[in-house]
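A.B. asks: Okay, structure incoming, though there's no sequence with it:
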RNA sequence: CGGGACGUGGCGCAGUUUGGUAGCGCGCAGCGUUCGGGACGCUGAGGUCGCGGGUUCAAAUCCCGCCGUCCCGACCA
């Protein structure tokens, strides 16, 4: 490709709207342009890199026994209403309507399409397992798109779906996909970890996230320095609480706590640490009131609450809700709550702990409140938010919180979708059973951004060769020197003849501009043809990743560049 | 949606406080000089000052409403 013809105008200054390195550099180096918040045009360079990743993904999917299909983007709403996700996704969905006023949506993921598809085609256990995937644009009207390609409203995703006869089959399919994902991200040159995670609005049980390290990453995970625990922050389990020694419990006593409606204020007023307070947070779960109990020094992990009740929508009580239920905001405690309020408690609330908690009466709290004796707990669960420094559930050492970008997320869905959608096959014994499903997402456009986050310096992008839009850039350093231009052209054609992807910077620009643009665009190998070198019978080579420079004899220029590229990271 | 900031040629910005001819740098076009790490000179093109309404003799500037973009939070590939 001749750069003089390439549709790519680089920017000398950082666009004001770009903050994250990948956003800034992809704009400056002419890979992408923004159309509106969270929606981007891929320019020729960006599209080439995107295709590179697609190709790697395709090869690994095909090699794992998955078959590519292509599902529609415009989807009828009905199956989504059946699975509950029409409500669960809510405003996250783009919801067009057709001329008949029928509800449609732009596909944010495709469980509701692929499940009935398979059910309609494969009625027998003999057809299983099945693994279908597609690489298609996804639409999610994110609350806040940001950081260029990292979080967008239209993004390219590879989504795969497996259909198995039973849990053992699912486990095997899942393991196969997990290995395929490893190979994809290894080939993309990403530094990443695989963590246990929360299934969010997809649902299901076991699931893992592939998290690429990045300072701008929006996703947090906890890691044990021993390496024996890794988990998404939202899914991280605390170390089980130490058993409480049996002892004499205090009586339940009401105390006046004037204008102390916060844990902090009560703690100061009564001179007791926040860890001895019992926090009682109220949620509305699809119309049902739920009280969640955690120690006063911990936060409720709302994701865990939402997961417990999925797909019912979960929201915190608003002021009006307290009034409706006859509760006093700031002074709510579990004892004496009406029966229509479900009480969920974190495991750490178990046993006699003489809690200080709200008295359900304005300006009053109680002391000596104990689970079982003074208040009922309908269910114990893991509900607290993990913090930096919390003990590792495996070894007890302090966990660290790390930042990352989720580039892949795989789920063992089980029958979460096949059951409500009545997607069944006939098993060997002649009975109908729902498919045991898995689904596997991989963000292609996000991987572009993650790769740039991990591979850049103050001059620009430094692509790993697997993702670079071109492998080599041939730079003509002296534009008015006919011999230099001719030699450059010759080497360019020779490289292209070797089957390499070459960008030929034949622009009528000064050498400095070309060098700067080459660094900015980040192509792995730079080959410079200039007067200086020609006089010495050589060309100059530079490896973008390391900045390492070398020279090669003019006659061996193309093969030397090819060898350098082959050895490049 | 809650909190904050911003919107002026393609890009980065000044001008708004105190209303009075729309500016600078980069980029773009032409000519000349220069020519291996973002060269220089001269000439030139390019702007409904986000949109709508209002105040005023006069609005980029003051007032009201709306739209858009970015940053912090809830959501996720």
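C.D. replies: Arrived safely, thanks for sending. Small disclaimer: the values here were computed from a predicted structure and weren't measured.
A.B. asks: Not counting its neighbours along the chain, what's nearest the residue in the stretch 451-569 of chain A that RNA strand B sits nearest to?
C.D. replies: In the stretch 451-569 of chain A, no residue comes nearer to RNA strand B than residue A:530, which is 2.2 Å away by Cβ to the nearest atom of the strand. For glycine as for every other residue, the C-beta is placed from the backbone atoms N, C-alpha and C. Of all residues not flanking residue A:530 in the chain, residue A:477 sits nearest, at 3.3 Å (Cβ to Cβ, 6 or more residues apart in numbering).
A.B. asks: right, and that neighbour touches residue A:528 too?
C.D. replies: Yes. Residue A:477 is within contact range of residue A:528, at 5.5 Å (criterion: Cβ atoms under 8 Å).
A.B. asks: out of the two, which sits in the busier spot?
C.D. replies: residue A:528 (26 against 22; other Cβ atoms under 10 Å).
A.B. asks: next one: the one helix or strand the more buried one maps to to chain centre, how far?
C.D. replies: Taking DSSP states H and E as the definition, residue A:528 sits inside strand A:525-529. Distance, stretch centre to chain centre, for strand A:525-529: 37 Å (Cα atoms, centre = their mean, to the nearest Å).
A.B. asks: how near is the residue of the stretch 451-569 of chain A closest to RNA strand B to residue A:509?
C.D. replies: 14 Å (Cβ to Cβ, to the nearest Å).
A.B. asks: buried residues in stretch A:283-294?
C.D. replies: A:283-285, A:289-294 (16 or more other Cβ atoms under 10 Å).
A.B. asks: Please identify which pair of those lies farthest apart.
C.D. replies: By the measure Cβ to Cβ, A:284 and A:294 form the most distant pair in those, at 17.9 Å.
A.B. asks: rewinding a little: which of residue A:530 and residue A:509 has more residues huddled nearby?
C.D. replies: Per other Cβ under 10 Å, whichever of residue A:530 and residue A:509 has more neighbours is residue A:530, with 19 against 16.
A.B. asks: pretty sure the more buried one contacts residue A:515?
C.D. replies: No. The criterion here is Cβ under 8 Å, and residue A:530 misses it with residue A:515 at 10.9 Å.
A.B. asks: helix/strand/coil for residue A:380?
C.D. replies: Following DSSP: H, G, I helix; E, B strand; the rest coil, we place residue A:380 in the strand state.
A.B. asks: Please report how far the residue nearest in space to the middle of chain A lies from RNA strand B.
C.D. replies: Geometric centre of chain A, nearest residue: residue A:406, 2.7 Å, by Cα atoms, centre = their mean. Per Cβ to the nearest atom of the strand, to the nearest Å, residue A:406 is found 4 Å from RNA strand B.
A.B. asks: Would you verify that that residue is located in a helix?
C.D. replies: No. Secondary structure of residue A:406 (three-state DSSP): strand, not part of a helix.
A.B. asks: That one and residue A:208 touch, don't they?
C.D. replies: No. Applying Cβ under 8 Å, one finds residue A:406 not in contact with residue A:208, separated by 10.4 Å.
A.B. asks: picking that back up, nearest to RNA strand B among the buried residues of stretch A:283-294?
C.D. replies: residue A:283 (12.4 Å).
A.B. asks: any chance you could map the helices in the stretch 351-500 of chain A?
C.D. replies: A:444-454, A:482-497 (DSSP state H, counting those that start in this stretch).
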